[in-house]
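> here is the input, now give the coordinates:
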Amino acid sequence: MKIVVFGASEMGLLLATEFFEDHDITIIDKEENKTEALNRLDISYIAGNGSNINTLKAANIEDADIFIACTGFDEANIVSCMTVSRLSQAKTVCFVSKPEYIESLNLVKNTQYEVIDFVVWPEELLTQEIFRIITVPEAVDVENFAQGRARLLEYRIKEDSLILGKKLKDCRFVDETLVVAITRDENLFIPDGETDFRLNDKVIFMGSSTSLDILARDIFQSKSRVKTAAIIGGGSVGLMLAQNLEKVNIKTKIIERDYKRCEDLTEALKDTMVLYGDGSNMELLEQEDIGECDVVVSVTNNDEKNLLCSLLTKQMCAKKVITRVSKTANIGLFEKVGIDVAISPKEAAVTEIRNNFLETDVEILATVERGQGRIIEAVIPDDFKETALMDLKLPEKAIIAIIQRGHSVIIPKGITLLRPKDKILIFTREETSQKIIDFFRG
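As a prediction, this is how the structure comes out:
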């Protein structure tokens with residue numbers, strides 16, 4: 001595909017780095033915004049403004065498949081997408097950060113005035129991801145499939161883990177549960193029976209929702225649901241997250257250092273306690289028993305602030321700490337110093353674009369560990385010969401984790417027969433996913 005990106009921002013760099021190997025990328029921005037990191041990529045760079053017709057024509061916008069506007073200015077992104085819609089058949093993707101623009105663009109959705117195909121609000125995607133993780137104690141990632149009847153859960157192996165030091169073949173996991181991947185030292189791989197579980201491994205399970213609930217209770221000792229939460233930072237993410245937590249009756253406190261924003265939060269939230277203060281103030285944290293909360297989430301717009309607040313609450317023995325990371329390069333660092341879950345809104349946005357636009361010939365339902373792992377959905381062709389999973393000769397290592405057959409959801413074993421019209425969910429690594437896709441097409 002030919003993709004034109006307006007904005008040499010960190011978001012633009014992330015998109016270019018992620019997609020340049022498989023797609024033709026052109027970035028538009030001022031010449032002074034061109035960085036050395038962009039120079040190292042095999043991409044085109046056009047100096048100019050993405051709202052300018054001549055600049056867009058210089059980028060061959062007429063031949064583009066996708067136009068992505070991701071500058072730091074909502075107005076520039078919106079205007080450039082409107083301009084492109086008049087010049088090209090390219091799908092337009094507009095990054096927005098202000099809630100009022102989201103509301104305005106939603107008002108013209110599916111009307112004659114709609115000119116933007118896809119609006120990305122990274123903060124909303126981040127909120128959704130944090131909320132999913134909060135609702136499953138101990139998990140560091142959660143994905144739902146088959147209308148919630150099947151799930152993916154990711155857990156970190158800690159010193160008191162019941163499976164630490166054991167080999168996969170020696171573990172007695174509940175039926176309808178599969179270990180599909182392990183991330184060790186930031187590298188994801190698909191294990192076999194001889195693989196042992198090591199300290200700080202992140203283990204990904206897939207299976208039926210009921211079985212994974214039992215796994216959480218028996219193996220990871222998650223005996224009760226989250227009842228209390230604290231949020232540090234009352235911006236858009238903090239507000240939306242508190243609203244979601246109220247809906248599931250999780251008792252929530254939110255700490256915000258701007259007094260006027262506290263007044264706004266008090267008006268918008270019904271059951272959340274709004275605290276005026278600094279989330280890095282140890283006295284305030286102790287006074288409000290923040291360390292006693294089931295989960296603490298730090299979502300200010302400053303990485304250093306989030307890290308400090310998170311480390312303070314970890315020191316207070318908070319059970320689970322989730323931290324927003326604006327700079328994607330900091331994710332690994334945050335996890336290395338003890339943060340349970342570090343999440344980037346930019347990474348969430350890249351995943352959304354990949355899944356909605358760049359994989360048009362296959363359904364990628366989810367990605368994990370910063371794109372290293374993929375969950376692919378495929379439908380078995382009508383002419384497929386009924387075959388047991390253990391007899392399939394896959395070209396690369398992959399795991400068929402879920403089979404949807406009619407109204408049934410099956411967590412397969414080696415002897416399970418794969419049949420025509422079965423809808424299957426396959427876990428594979430990013431670099432081998434295309435061979436797996438081609439195998440099931442053929």
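> where in the stretch 201-350 of the chain is pLDDT low?
For the stretch 201-350 of the chain, applying pLDDT under 70 flags the ranges 221-224.
> doesn't Asn244 belong to a helix?
Yes: assessed by DSSP: H, G, I helix; E, B strand; the rest coil, Asn244 belongs to a helix.
> so it sits against Phe131, correct?
Yes: with contact defined as Cβ atoms under 8 Å, Asn244 counts as touching Phe131 (4.8 Å). Just so you know, the C-beta spots here come from the backbone N, C-alpha and C atoms, and that holds for glycine as well.
> from Glu32, how far off is Gly52?
Actually, residue 52 is Asn rather than Gly. Per Cβ to Cβ, to the nearest Å, Asn52 is found 16 Å from Glu32.
> ok, now Leu308?
In terms of Cβ to Cβ, Leu308 sits 32 Å off from Glu32.
> tell me which of those two has more neighbours.
Neighbour count, other Cβ atoms under 10 Å: between Leu308 and Glu32, Leu308 has more, with 16 against 8.
> let me know the secondary structure of the closest residue to Glu246 other than its chain neighbours.
Spatial nearest neighbour of Glu246, chain neighbours left out: Asp271 (5.2 Å); criterion: Cβ to Cβ, 6 or more residues apart in numbering. Classification of Asp271 by three-state DSSP places it in coil.
> who's in contact with Asp271?
Residues in contact with Asp271, defined by Cβ atoms under 8 Å, 6 or more residues apart in numbering, are Glu246, Lys251, Thr252.
> and the second one, how far is that from Cys317?
If I follow you right, that is Lys251. 19 Å.
> between these two, who's got more neighbours?
Between Lys251 and Cys317, Lys251 has the larger neighbour count (other Cβ under 10 Å), namely 16 against 8.
> quick check: closest non-adjacent residue to that one.
Thr228 is the one closest to Lys251 (Cβ to Cβ, 6+ apart), at 4.8 Å.
> is it true that the one you found touches Ile250?
Yes: with contact defined as Cβ under 8 Å, Thr228 reaches Ile250; the gap is 6.9 Å.
> so which of the two has more stuff around it?
Using other Cβ under 10 Å as the criterion, Thr228 and Ile250 rank with Ile250 on top: 22 against 17.
> got phi/psi on that one?
Dihedral pair for Ile250: phi -90, psi 120, per degrees, to the nearest 10.
> ok, and the closest non-adjacent residue to it?
Per Cβ to Cβ, 6+ apart, closest to Ile250 is Ala229, 5.3 Å.
> what's the spacing between that neighbour and Phe220?
Counting by Cβ to Cβ - Ala229 and Phe220 are separated by 19 Å.
> same thing with Thr127?
24 Å.
> what of Ile3?
Ile3 is 41 Å from Phe220, where distance means Cβ to Cβ.
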